[in-house]
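Novice: model the following, please.
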Amino acid sequence: MRRALAAALLLAAAGPAAAQVSEETWKGCFGATNEQTIPACTAVIDAGGESARNIAIAYRNRGLGYRGQRDNDRAMADYEQSIRTDPGYVESYISRGNIYMDREQPDLALKDFETALRLRPGYTYGLHSRGNALQAKGEFERSMHDYDEALRIDPQFVASYVSRCWSEVALDKPEPAVKDCTEALRLRPNFTNAFNGRAAAWLKLGQPAKAVADYEATLRLVDEQSLALYGRGRARQQAGDAARGDADVARALQLEPGVADRFRRYWRLDI
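Specialist: Next comes the predicted model:
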């Protein structure tokens, strides 16, 4: 519904230049599925006669479609073309930064998120994204400032509660971490990152049974998620359930050989 409304508003604002592209095509470019978005945005791009901003939007939206199909190379190409077409279009910097985050290139992501914030100061998603890049670099204290500011602007911005929770665990502040992840779960009850973050906080608080419960909540939602399997295994070992704990850890390492390093990097948990 929001995408359809955005497309209609965009069409109205575009004026005569948009006449070559039908309203239905624009709606498709803001489509609910990747299969809608990609061909519709391609039609907008190929039609000609659009403003630079509209073409930039179409490239960025098509990139979102490709990313949804796990084709990050095509997504990146579209985000970069969007930025070349309209260097002032903030959302494409955020989207390109997210690809850099996927590629574990937080320094490049940070540059894009900072550009987005220069273009749109106080943009909550930009603040949150910059915090995530700093978190990925291990700069947990600096990340906290961005999450705090994002939540000051928008107290309902659930992802920043989770990210702040993760940084708090890494900074050995498990009590506020539990509070933040619990608030995230109140706002979004099936948020697996919130269960995983709160579980890590329970481990730092020496409460492995509660950690097991949160990891199991994740695994009910995402079967055999390696991070939750590894965490549940370590929590079970701490709780004295060595056999099942060892089995969980072994399975997690089979699914993702580097999961133990990722576990330590996210939360500074070496257990």
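Novice: pLDDT wise, what is Ala8 at?
Specialist: Ala8 is assigned 39 on the pLDDT scale.
Novice: quick one: end-to-end distance for stretch 133-142.
Specialist: End-to-end distance for stretch 133-142: 10 Å, by C-alpha to C-alpha, to the nearest Å.
Novice: which positions in it come out as buried?
Specialist: Neighbour-count burial for stretch 133-142 flags 133-136, 140 (criterion: 16 or more other C-beta atoms under 10 Å). In short, each C-beta sits where N, CA and C put it, glycine included.
Novice: and the furthest pair within the residues you listed?
Specialist: With C-beta to C-beta as the measure, no two of the buried residues of stretch 133-142 lie farther apart than Ala133 and Phe140, at 12.1 Å.
Novice: hang on, the earlier thing: among the buried residues of stretch 133-142, which are in helices?
Specialist: Counted as lying in helices by DSSP state H, out of these, are 133-136, 140.
Novice: for Arg234, what is the enclosing helix or strand?
Specialist: Arg234 is part of helix 226-238, with elements assigned from DSSP states H and E.
Novice: related to what we said a few turns ago, from the buried residues of stretch 133-142, pick the one nearest Ala43.
Specialist: Ala133 (34.1 Å).
Novice: so the closest one makes contact with Pro106?
Specialist: Yes. Using C-beta atoms under 8 Å as the test, Ala133 is close enough to Pro106 to be in contact (4.6 Å).
Novice: so, low pLDDT: which residues of the protein?
Specialist: When residues are selected by pLDDT under 70, those of the chain lie in 1-20, 271.
Novice: the same query, at a cut-off of 50, please.
Specialist: 1-19 (pLDDT under 50).
Novice: now the strands: where do they sit in it?
Specialist: Per DSSP state E, the chain carries no strands over any range.
Novice: distance of Ala235 relative to Cys165?
Specialist: 17 Å (C-beta to C-beta, to the nearest Å).
Novice: wait, I meant Ser95
Specialist: Applying C-beta to C-beta to Ser95 and Cys165 gives a distance of 25 Å.
Novice: do Ile99 as well
Specialist: According to C-beta to C-beta, Ile99 and Cys165 sit 25 Å apart.
Novice: looking at the two, which has the bigger crowd around it?
Specialist: Cys165 (30 against 20; other C-beta atoms under 10 Å).
Novice: name the residues of stretch 111-129 that are buried.
Specialist: 111-117, 120, 123-129.
Novice: repeat for stretch 103-110
Specialist: 106, 109-110.
Novice: and stretch 85-100, how far from the chain's centre?
Specialist: Computed by C-alpha atoms, centre = their mean, to the nearest Å, the chain-centroid distance of stretch 85-100 equals 15 Å.
Novice: so for it, what gets flagged as buried?
Specialist: 85-86, 89-100.
Novice: contacts only, for the residue nearest to Ile83 when sequence neighbours are not counted.
Specialist: In space, and not counting its chain neighbours, Ile83 is closest to Ser92: 5.0 Å by C-beta to C-beta, 6 or more residues apart in numbering. Residues in contact with Ser92 (C-beta atoms under 8 Å, 6 or more residues apart in numbering) are 56, 59-60, 63, 79, 82-83, 86.
Novice: so which of those sit within helices?
Specialist: Using DSSP H, those in helices are 56, 59-60, 63, 79, 82-83.
Novice: look at Glu24 and say how many residues are nearby.
Specialist: For Glu24, the count of nearby residues is 10 (other C-beta under 10 Å).
Novice: oh sorry, the question was meant for Pro176
Specialist: For Pro176, the neighbour count with other C-beta under 10 Å is 14.
Novice: what residues are up against it?
Specialist: Neighbours of Pro176 in contact, by C-beta under 8 Å, 6+ apart: Glu168.
Novice: measure it to Arg188 for me?
Specialist: 19 Å.
Novice: likewise Arg264?
Specialist: 26 Å.
Novice: what does Glu149 give?
Specialist: Glu149 sits 21 Å away from Arg188, going by C-beta to C-beta.
Novice: so where do the helices sit in the stretch 1-150 of the chain?
Specialist: 2-14, 23-29, 34-47, 52-68, 72-85, 90-102, 106-119, 124-136, 140-153 (DSSP state H, counting those that start in this stretch).
Novice: now do the contacts for the closest residue to Leu134 other than its chain neighbours.
Specialist: Take Leu134 and drop its neighbours on the chain: the residue closest to it by C-beta to C-beta, 6+ apart is Ser143, 4.1 Å away. Contacts here follow C-beta under 8 Å, 6+ apart; on that basis Ser143 touches 131-132, 134-135, 163-164, 167.
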